[in-house]
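[1] requesting a structural model of the entry that follows:
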Amino acid sequence: TLDGPLGGRAAIWRETVPIVKDFWVTGTGLGTYGQAMLEYQRTGTDRLFNHAHNEYLQLVAEGGVLLAVLAALAALCWIALARRRIAADRSELVWVRLGAAAGVCGFALQSVFEAALRMPANALLLALLAALVVHERHPDREPS
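    Just a heads-up that it's a prediction; the model follows:
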């Protein structure tokens with residue numbers, strides 16, 4: 001059903017699993033989740049599930065293991081760089097980095113229950129926060 005503590009998300013997630021199983025290597029293609037659900041959706045057919053309401057599950061459904069592995073590697077590389085930048089920052093701007101990192105963590109958690117990054121403004125905000133965390137100042141480029 002579409003009721004419950006997750007607001008129908010559990011049903012949506014259950015109905016996304018067959019897509020992942022059938023297209024596990026390459027997915028159905030980016031941006032095709034809604035079209036795939038025309039075939040796979042069985043619950044609540046009075047409305048179409050056009051998003052998985054879970055960025056990670058939708059990424060695997062649309063991009064398969066190939067895209068999921070690349071995305072995970074990119075995330076791990078960003079985390080490693082972010083840790084180095086935060087540890088090396090001895091200025092008062094470290095608090096800006098930490099605040100931006102907290103924002104990135106917020107997006108990561110929200111992405112379990114929402115598809116907020118499908119909205120360009122949210123994706124842009126995430127990119128800005130991620131860039132703030134890892135930005136490297138070059139003293140030789142600073143104005144005197």
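[2] so what's His53 closest to, chain neighbours aside?
    Nearest non-adjacent residue to His53, counting by Cβ to Cβ, 6 or more residues apart in numbering: Arg9, 4.7 Å away. (Glycine included, C-beta is placed from N, CA and C.)
[3] regarding the protein, what is its longest helix?
    The single longest helix within the chain, with elements called by DSSP state H, is helix 55-88.
[4] and it, what other elements does it pack with?
    helix 9-22, helix 33-40, helix 94-110, helix 120-134 (3 or more Cβ pairs under 8 Å, 6 or more residues apart in numbering; DSSP states H and E).
[5] before we move on, back to that, give me the pLDDT value at the residue nearest to His53.
    With respect to pLDDT, Arg9 has a value of 90.
[6] residue contacts, it?
    Arg9 makes contact with 53-54, 113, according to Cβ atoms under 8 Å, 6 or more residues apart in numbering.
[7] between these, which sits nearest Ala61?
    Asn54 (9.4 Å; Cβ to Cβ).
[8] got the contact list for the closest one?
    Counting by Cβ under 8 Å, 6+ apart, Asn54 makes contact with 9, 13, 16, 111-115.
[9] which of those residues are buried?
    Among the contacts of Asn54, those classed as buried by 16 or more other Cβ atoms under 10 Å are 9, 13, 16, 111, 114-115.
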